[in-house]
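Visitor: got a predicted model here, sequence first, then my questions.
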Amino acid sequence: MPSVFIKTYGCQMNERDSEAVAAQLVAKGYSMANDPLKADVVLLNTCSVRDAAEQKAIGKMSHVASQLRSKNKNAVLGFMGCMAQSRGRELIDKLPDVDLVVGTQKFHRAADHIESLLAGRSEIVVDTEEEKGSEATIREHLLEGASDKKSVTSFVSIMQGCNQFCTFCIVPYTRGRERSRSIEDIVSECRDLVERGVKEVTLLGQIVTSYGRREIGDRDGKSAFVQLIEAVHEIDGLERIRFTSPHPKGYGDDLVEAYGRLPKLCESAHIPVQSGSNEMLKRMHRGYTRERFLEIIDKLRAVRPDIGITTDIIVGFPGETEEEFEATMSLCREVEFDNAFVFKYSTRRNTPAAGMDVQLPKELIEERHAKLLAEVDRIGAVRYENQVGETMQILVEGPSRRNKARMEGRTRCNRIVVFDGGERFRGQLVDLKIERAGSFTLYGDPAILN
Ligand code: 5AD
Ligand code: SF4
């Protein structure tokens, strides 16, 4: 049977989509290849959020195409995901070796398209149409990792799309309008995962706090998203629940209260703030103020004082003044994020921000990016250092990515902890004393494990 190489760019949603495609292909008998130049099928699952991600995927495909086509005339070369959706056929015009383009609502069709291309039944497939119900099609999992060992954690896609239309963001155009799966469907997928050894699920969507707003709605003062968390929480054998990404707008009191009430809901939150300036938040069409964001953080910390909070920030949005940038710096100091992903603004075509006045010079964006990153690192280092001496529960996920001789897991606050231990700890919840802190990593004292 043919072998498939898949490379994923971008967010966890993309990782999850790639996993589902891989699982479908493996179920049909395909094998997974580690080297694109030895594969029969090369799929790049692309990201459009920033131009750099698009350029990387295009560069990779053109490199693979030039090497592979001469060796394997019949190889299938495909783009999937957000760039496939937004550019469609244009990608084949640009890279004529590419013969497959699969949009964001068509991942479940990838296997059929590949089969028909390999069999010579079609020469080119571009499938980027909208498809009703496609949000419920990302459900197959490939839990066996490269080491044949079962995964302990898993992503579960709960919804697709976003209706927020932040002025910088391409996602509403590449992923479409919000569509949610049913609670029963999601719970049943989570149950299957738990039966296969998964202990922790991360509920995924572009804007998970909008989950089921139209399809399910509020009940007893609880949003559909909180109802979903409650239902997943009921699953025996599931130890931990996380989600990403929420929107600050959706952080109602019902969700804050859920953190206090539902012990499986881990005390960590990735809440994208984007900017600390009210003027800027307005231009970004974010739908909250700096004060409201700070209030959410205060409320969460009142319920779970040890909660780990991370965020996304954009620097260099059109017209960003020195004052507005300073407001973002001061917000970071005020909140003390565990970590923040700081992005340089990237113009995305057809978004409102692309047409805004005063696009900032590259050098200024670089300068602000470096300055904010240094501040974020400094704050994070202090927070991580403060954990030393504490005993924390970690869920052991497998060998450390940096040093295979050690094991690693995550605290409930979502900090990575590395410790000396063997495979027998995989999947276990262990209490570990933190003996030192490195760069966004903690090191545990293995003595306590004996
Ligand atoms: N430029 C830079 N960063 C962006 N993001 C989204 N769109 C853009 C853009 N045009 C960032 C936001 C978002 C994260 C996933 O990517 O911070 O939260
Ligand atoms: Fe993009 Fe805004 Fe939707 Fe997030 S909430 S996916 S930044 S439009």
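Guide: Received it, and whenever you're ready, just let me know what you need. Ligands and ions are numbered 1, 2, ... in the order given.

Visitor: the helix or strand hosting E366 packs against which elements?
Guide: Using DSSP states H and E, E366 sits within helix 362-385. Under the contact definition 3 or more CB pairs under 8 Å, 6 or more residues apart in numbering; DSSP states H and E, helix 362-385 sits against strand 308-315, helix 322-335, strand 339-344, strand 429-438. Bear in mind the C-beta positions are built from the backbone N, C-alpha and C, glycine included.

Visitor: make it 10 Å
Guide: For helix 362-385, the elements it packs on are strand 308-315, helix 322-335, strand 339-344, strand 429-438, strand 441-445, judged by 3 or more CB pairs under 10 Å, 6 or more residues apart in numbering; DSSP states H and E.

Visitor: could you dump these into a markdown table with distance to T391 and mean pLDDT added?
Guide: Shown next, in a markdown table, are these (distance: least, CB to CB, whole Å; pLDDT from 0 to 100):
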| stretch | distance to T391 | mean pLDDT |
| --- | --- | --- |
| strand 308-315 | 16 | 98 |
| helix 322-335 | 26 | 98 |
| strand 339-344 | 22 | 98 |
| strand 429-438 | 5 | 94 |
| strand 441-445 | 9 | 93 |
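
Visitor: got those as a markdown table, with distance to ligand 2 and mean neighbour count columns?
Guide: Converted to a markdown table, those look like this (distance: least, CB to the nearest ligand atom, whole Å; neighbours: other CB atoms under 10 Å):
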| stretch | distance to ligand 2 | mean neighbour count |
| --- | --- | --- |
| strand 308-315 | 8 | 22 |
| helix 322-335 | 16 | 17 |
| strand 339-344 | 11 | 19 |
| strand 429-438 | 31 | 17 |
| strand 441-445 | 27 | 21 |
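
Visitor: how about these in JSON lines, adding distance to S151?
Guide: JSON lines is the format used below for the helices and strands packed on helix 362-385 (distance: least, CB to CB, whole Å):
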{"stretch": "strand 308-315", "distance to S151": "22"}
{"stretch": "helix 322-335", "distance to S151": "32"}
{"stretch": "strand 339-344", "distance to S151": "23"}
{"stretch": "strand 429-438", "distance to S151": "16"}
{"stretch": "strand 441-445", "distance to S151": "20"}
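
Visitor: do you know how far I309 is from G409?
Guide: 20 Å (CB to CB, to the nearest Å).

Visitor: cool, S48 as well?
Guide: S48 is 33 Å from G409, where distance means CB to CB.

Visitor: re earlier: to E279, which of the helices and strands packed on helix 362-385 lies closest?
Guide: Taking CB to CB, helix 322-335 is the member of the helices and strands packed on helix 362-385 nearest to E279, at 6.2 Å.

Visitor: in the stretch 251-400 of the chain, what residue is nearest ligand 2?
Guide: Nearest residue of the stretch 251-400 of the chain to ligand 2, counting by CB to the nearest ligand atom: P272, 6.6 Å away.

Visitor: can you pull up the bridge partners for the closest residue to that residue other than its chain neighbours?
Guide: For P272, ignoring the flanking residues on the chain, the nearest one in space by CB to CB, 6 or more residues apart in numbering is D312 at 3.9 Å. Taking DSSP bridges as the rule, D312 bridges to F341.

Visitor: so what's D312 up against?
Guide: With contacts defined as CB atoms under 10 Å, 6 or more residues apart in numbering, D312 is in contact with 245, 270-274, 340-343.

Visitor: measure it to N386 for me?
Guide: Taken as CB to CB, the span from D312 to N386 is 23 Å.

Visitor: do the same with M159
Guide: With CB to CB as the criterion, M159 and N386 are 35 Å apart.

Visitor: which one of those two has more residues nearby?
Guide: In this view M159 and N386 are compared by other CB atoms under 10 Å, and M159 has more residues nearby, 27 against 12.

Visitor: for the more buried one, report the pLDDT, please.
Guide: Predicted confidence (pLDDT) for M159: 97.

Visitor: what's the distance between it and ligand 1?
Guide: According to CB to the nearest ligand atom, to the nearest Å, M159 and ligand 1 sit 16 Å apart.

Visitor: and what of H141?
Guide: H141 is 24 Å from ligand 1, where distance means CB to the nearest ligand atom.

Visitor: swap in S86?
Guide: 13 Å.

Visitor: residue contacts, the residue nearest to E336 when sequence neighbours are not counted?
Guide: Nearest non-adjacent residue to E336, counting by CB to CB, 6+ apart: I379, 5.3 Å away. The contact partners of I379, by CB under 10 Å, 6+ apart, come to 332-333, 335-340.

Visitor: now the closest residue to T104 other than its chain neighbours: which helix or strand?
Guide: Nearest residue to T104, sequence neighbours excluded (CB to CB, 6+ apart): Q85, at 4.6 Å. Element membership for Q85 (DSSP H and E) is helix 81-87.

Visitor: just checking, what packs against the helix or strand that that helix is followed by?
Guide: Next helix or strand after helix 81-87 toward the C-terminus (DSSP H and E): helix 90-94. Helix 90-94 is packed against helix 51-71, strand 76-80, helix 81-87, strand 100-102, strand 125-127, with contacts defined by 3+ CB pairs under 10 Å, 6+ apart.

Visitor: quick check: buried residues in helix 90-94?
Guide: Residues 91-92 are the ones in helix 90-94 that count as buried (16 or more other CB atoms under 10 Å).

Visitor: repeat for stretch 404-421
Guide: Buried residues in stretch 404-421, counted by 16+ other CB under 10 Å: 406-419, 421.

Visitor: and which of those is nearest ligand 2?
Guide: Using CB to the nearest ligand atom, the buried residues of stretch 404-421 come closest to ligand 2 at N414, 19.4 Å.
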